[in-house]
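[1] need a 3D model of the sequence below.
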Amino acid sequence: MNALRIKQRYSSAMKTARYWHMRKDGVIECTLCPRHCRIADGKHGTCLVRQRKGDELIAASYGLICGLAVDPIEKKPLTHFLPGSTTLSFGTVGCNLTCKFCQNWHLARANKIEGTRTTPKQIAKTALEAGCESVAFTYNEPTVFLEFAVDTAKVCHERGLKTVAVTNGWIEPEPRKEFYVHMDAANVDLKAFTDRFYQTLCGATLQPVLDMLVYIRHETNVHLEVTTLLIPGWNDSPAEIDAMTKWAVVNLGPDVPWHFSAYRPTREWNEATPTPLQTLLDAKSIAEHNGLQHVHLGNIGLAV
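    Sure, this is the predicted structure:
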């Protein structure tokens with residue numbers, strides 16, 4: 001936790017999740033994300049942390065801290081929101097996608113829900129003591145700990161702190177309204193511009209992410225930036241980058257900041273080579289040619 005410590009304030013009380021209903025066949029259907037997991041008693045959804053206990057769906061990771069650090073806001077990455085400031089980054093466990101190339105697989109697909117339990121007030125207090133201007137929900141997907149993120153955001157705003165979501169954007173329309181009322185900025189990971197990529201590597205679909213990007217941009221006051229990790233042979237073709245950035249200019253506007261970052265093989269998934277610098281430079285050139293005004297490159301050892 002980078003020398004930070006947060007007091008453990010564990011409560012044994014279970015937190016009931018939101019966005020689900022009991023079907024006529026006795027199965028609980030979760031409606032938080034487009035997957036709509038159907039969950040029998042004692043089981044959990046794909047995210048691992050929406051768990052059924054009797055006739056309720058429980059937010060099992062509520063109050064859990066599995067990563068905590070003070071980061072430059074630019075690391076989220078956000079380059080046009082509170083530049084030069086620091087943010088208190090934290091995450092829990094679980095994710096509603098199953099990306100094979102995930103950099104935080106140990107959190108996203110954790111076998112056990114364990115870590116330090118705390119409260120929204122303690123997180124805000126820690127952020128203020130560390131001199132941060134914001135709190136970032138990151139490391140794992142904040143959609144799956146919506147209840148904890150929203151409660152924490154409320155306390156942060158009461159204390160003058162901004163809130164940041166680093167998200168895959170795969171969420172249903174009703175919960176996204178609640179979630180983004182409480183966010184000041186978001187970096188959305190648009191992983192690719194094809195359903196082939198989303199279905200094969202992430203177990204998901206593209207359209208809900210595009211819908212959410214448009215929603216944030218045009219129906220909220222949330223500051224939006226977008227990140228695309230370019231994986232050789234999967235989503236780095238000039239044609240795909242051209243189509244994606246043309247869509248962005250038309251649907252999000254030319255001033256939305258865009259981050260292209262380099263893929264590095266991991267022990268869990270190494271079926272692609274590292275992203276060459278030239279691939280990122282070409283992506284930047286295509287994006288700028290199509291009208292994007294703020295294109296940044298990351299994970300390459302230099303600032304571009």
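[2] so what strands line up beside the lengthiest strand in the chain?
    If each strand of the chain is counted by residues according to DSSP state E, the longest one is strand 223-230. Strand 223-230 has the following strand partners under DSSP bridges: strand 185-189 (parallel), strand 258-262 (parallel).
[3] so after the last one, what's the next helix or strand?
    Beyond strand 258-262 on the C-terminal side, the first helix or strand identified by DSSP states H and E is helix 277-289.
[4] tilt between the longest strand of the chain and helix 277-289?
    140 degrees (axes from the mean of the first three to the mean of the last three Cα atoms, to 10 degrees).
[5] quick check: mean pLDDT of strand 223-230?
    Taken as a whole, strand 223-230 has an average pLDDT of 98.
[6] bridge partners for the residue nearest to the spatial centre of the chain, pull those for me.
    Central residue of the chain (Cα atoms, centre = their mean): residue 167, 1.7 Å from the mean position. Counting by DSSP bridges, residue 167 is bridged to residue 188.
[7] so it is in contact with residue 143, correct?
    Yes. Residue 167 is within contact range of residue 143, at 6.3 Å (criterion: Cβ atoms under 8 Å). Any C-beta I mention is one placed from the backbone N, CA and C, and that applies to glycine too.
[8] hmm, back to that, I'd like the strands paired with strand 223-230 laid out as JSON lines, including mean neighbour count, distance to residue 150 and mean pLDDT.
    What follows is the strands paired with strand 223-230, written out as JSON lines (neighbours: other Cβ atoms under 10 Å; distance: least, Cβ to Cβ, whole Å; pLDDT from 0 to 100):
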{"stretch": "strand 185-189", "mean neighbour count": "23", "distance to residue 150": "14", "mean pLDDT": "98"}
{"stretch": "strand 258-262", "mean neighbour count": "22", "distance to residue 150": "26", "mean pLDDT": "97"}
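[9] need those in CSV (columns: distance to residue 200).
    Converted to CSV, the strands paired with strand 223-230 look like this (distance: least, Cβ to Cβ, whole Å):
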stretch, distance to residue 200
strand 185-189, 16
strand 258-262, 20
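[10] if we can go back for a sec, list the contacts of the longest strand of the chain.
    For strand 223-230, contacts defined as Cβ atoms under 8 Å, 6 or more residues apart in numbering pick out 77-81, 101, 184-192, 213, 216-217, 235-236, 241, 244, 248, 252, 256-263, 275, 279-280, 283, 298.
[11] CA atoms of that strand as PDB?
    Provided in PDB are the C-alpha atoms of strand 223-230 (Å, rounded to 0.1, in the frame of the first residue of the first chain):
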ATOM      1  CA  HIS A 223     -14.900  15.100 -17.300                       C
ATOM      2  CA  LEU A 224     -14.200  12.200 -19.700                       C
ATOM      3  CA  GLU A 225     -11.000  10.800 -21.000                       C
ATOM      4  CA  VAL A 226     -10.600   7.500 -22.900                       C
ATOM      5  CA  THR A 227      -7.800   4.900 -23.000                       C
ATOM      6  CA  THR A 228      -7.200   2.200 -25.600                       C
ATOM      7  CA  LEU A 229      -4.500  -0.500 -25.000                       C
ATOM      8  CA  LEU A 230      -3.200  -1.500 -28.400                       C
END
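[12] which stretches of the protein form helices?
    Counting by DSSP state H, the chain has helices at residues 105-108, 120-129, 146-158, 173-181, 195-197, 207-219, 238-251, 277-289.
[13] count the residues that sit near residue 21.
    The tally of other residues near residue 21 (other Cβ atoms under 10 Å) stands at 9.
[14] residue 272 reaches residue 262, doesn't it?
    No. Residue 272 is beyond contact range of residue 262, at 11.1 Å (criterion: Cβ under 8 Å).
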